[in-house]
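I'd like to go over a predicted model; first the sequence, then the structure.
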Amino acid sequence: MTIIKSFIKSVDAIINNPTTLEYPEKREMIEDNYRGIHKLDMKTCISCSACERICPNQTITMVDTETDRGTKKMPLVNLERCLFCALCEEVCPPKCLILTKSYDYERYDRRDYALRPEDME
Ligand code: SF4
Ligand code: SF4
């Protein structure tokens, strides 16, 4: 039975391209509660470090960031360590750090998983 199911699945994948081959032109629908890549509004971040302190996996580091208000500490998010628990979003007083629906995780260099504040705007 399992062999027949696998065969049918293989034939289906040959006839209709597997979703992974169609990405990014064709995208799957995602669930309402999906948690994806972070977005930061640098204008409203108050540099309180609450996101860094609550993060259970040391994903966030506060880094010096140039803003029109001078140099401020703002969160750098290392996606390689993120659990997508959304605690950072929950705890952020001005709600300037949020998890989006984006799932564009592909990177050629693993160092690019470290998102500086400017990368999340
Ligand atoms: S989603 Fe969770 S693991 Fe990821 S940066 Fe926020 S608090 Fe840390
Ligand atoms: S993103 Fe939010 S929680 Fe993190 S430092 Fe800025 S204001 Fe504070």
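Cool, the structure landed. This structure is a prediction, so every number in the text was calculated from the model and none was measured. Ligands and ions are numbered 1, 2, ... in the order given.

any idea how far residue 104 is from residue 10?
28 Å (Cβ to Cβ, to the nearest Å). For the C-beta atoms, the positions are set from N, CA and C on the backbone; glycine is no exception.

Let me fix that, I meant to ask about residue 111.
Distance from residue 111 to residue 104, by Cβ to Cβ: 17 Å.

Tell me the secondary structure of the residue lying closest to residue 117 once chain neighbours are set aside, please.
Sequence neighbours aside, residue 74 is the residue nearest to residue 117 in space, at 3.9 Å (criterion: Cβ to Cβ, 6 or more residues apart in numbering). Secondary structure, DSSP: H, G, I helix; E, B strand; the rest coil: residue 74 is strand.

didn't residue 74 look like it was pressed against residue 120?
No. Taking contacts as Cβ atoms under 8 Å, residue 74 lies outside contact range of residue 120: 9.1 Å.

for residue 118, helix, strand, or coil?
Going by three-state DSSP: residue 118 is helix.

For burial, what's the neighbour tally of it?
13 (other Cβ atoms under 10 Å).

residues contacting it?
When contacts are counted by Cβ atoms under 8 Å, 6 or more residues apart in numbering, residue 118 touches 42, 65.

Compute the distance between it and residue 112, please.
13 Å.

and if you look at residue 100?
17 Å.

Could you measure from the residue positioned nearest the centre of the chain over to residue 70?
The C-alpha lying nearest the average C-alpha coordinate of the chain belongs to residue 37 (Cα atoms, centre = their mean; 1.7 Å). Look at residue 37 and residue 70: by Cβ to Cβ, they are 27 Å apart.

Lovely, talk soon.
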